[in-house]
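Below are the sequence and a predicted model for it; my questions follow.
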Amino acid sequence: MQLDNQVAIITGAGRGLGRAMALELASAGAIVVIVDINRENAEAACEEILGNGGKAASYTVDITKREAVADMVQKVHETYGKIDLLVNNAGITKDRSFLKMSDDDWQAVIQINLTSMFICTQEVVKVMAAGGAGGNIVCVSSLSGNEGNYGQTNYAASKAGVIGFVKSLSKELPRYNIRINAIAPGFIKTDMTDRIPEAVQQKIISKIPMQRPGMPEEVAKVIRFLASSDSDYINGQTININGGIYV
């Protein structure tokens, strides 16, 4: 599953799952464009890839801003002459029980987790569709988007929206030689989940048939598969990566 010189844009790639995805795709030969709102994280991830002999560039972008995204996409296209892959990974949580959830809690999560995906995908598709070369898009949903979760009405709604977004575009984009899929990770060990109290973590793990959290590298390998020609006939699907907690 080599990706030699494929140009891959990954949002939210400065840390966590996105960083693991960037490292995995770079190890397969891709030119990885790391997009993150945190300049320090983006540059550190880029330097790690370059230090390992890979190819990468970093852009500090607020992906909720149309002009900023369009500018980044144009620069990437001008630099490399193409965009082969977009991984819509960036996301946040602002957990609250429903009656305590503020308008800001709701809007921020929807804006970053869903609206930014619309913006990034639309801008990249303009490039992929022009000239007929096509491309490939992977969007990150979540276990919460499948089954919901207490205190995550905003997050679950955004991640369920990702699944509907992908299903709809899987019917529109093939005419441009573009396919699109989603992944839905479950409980994955990252900096964010490490902040969850140990007792709560153990309660979650006890419900997972495999009795352990997933690792970022395990999610990244699925991204690599979906980015490769080995998955050429997979379109409009959501692949669950959750140890069997939701099937």
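Here it is on my side, so go on. Numbering: from 1, shown residues only.

Do I have it right that residue 189 meets residue 213?
Yes. The pair formed by residue 189 and residue 213 meets the contact definition of Cβ atoms under 8 Å, at 4.4 Å. For every residue, glycine as well, the C-beta is placed using N, CA and C.

Out of these two, name the residue with the larger neighbour count.
For residue 189 versus residue 213, neighbours defined as other Cβ atoms under 10 Å are more numerous around residue 213 (19 against 15).

Got the confidence number for the more buried one?
pLDDT, residue 213: 97.

tally of neighbours for residue 194?
Other residues within reach of residue 194 by the criterion other Cβ under 10 Å amount to 10.

repeat for the one 3 residues further on
Other residues within reach of residue 197, judged by other Cβ under 10 Å, total 8.

residues touching it, list them.
Applying Cβ atoms under 8 Å, 6 or more residues apart in numbering, we find residue 197 in contact with no residue.

What backbone torsions are found at it?
For residue 197, the backbone dihedrals (degrees, to the nearest 10) come out as phi -50, psi 140.

That one and residue 139, how far apart?
Computed with Cβ to Cβ, to the nearest Å, the distance linking residue 197 and residue 139 is 30 Å.

One more: residue 211?
On the measure of Cβ to Cβ, residue 211 and residue 139 end up 29 Å apart.

Those two: who's more crowded?
Neighbours around residue 211 and residue 139, counted as other Cβ under 10 Å, are more numerous at residue 139. The numbers are 24 against 10.

Tell me which helix or strand comes right after the helix or strand containing that one.
Secondary structure from DSSP states H and E places residue 139 in strand 135-140. Using DSSP H and E, the next helix or strand after strand 135-140 towards the C-terminus is helix 143-147.

Whatever helix or strand comes next after that following helix - contacts with which helices or strands?
With elements assigned by DSSP H and E, the helix or strand that comes after helix 143-147 is helix 153-172. Based on contacts counted as 3 or more Cβ pairs under 8 Å, 6 or more residues apart in numbering; DSSP states H and E, the elements that helix 153-172 packs against are helix 103-110, helix 116-129, strand 135-140, helix 143-147, strand 178-185.

Helix 153-172 to helix 116-129, inter-axis angle?
With axes from the mean of the first three to the mean of the last three Cα atoms, to 10 degrees as the criterion, the two stretches helix 153-172 and helix 116-129 enclose an angle of 20 degrees.

and helix 153-172, what's its mean pLDDT?
Averaging the model's pLDDT scores along helix 153-172 yields 98.
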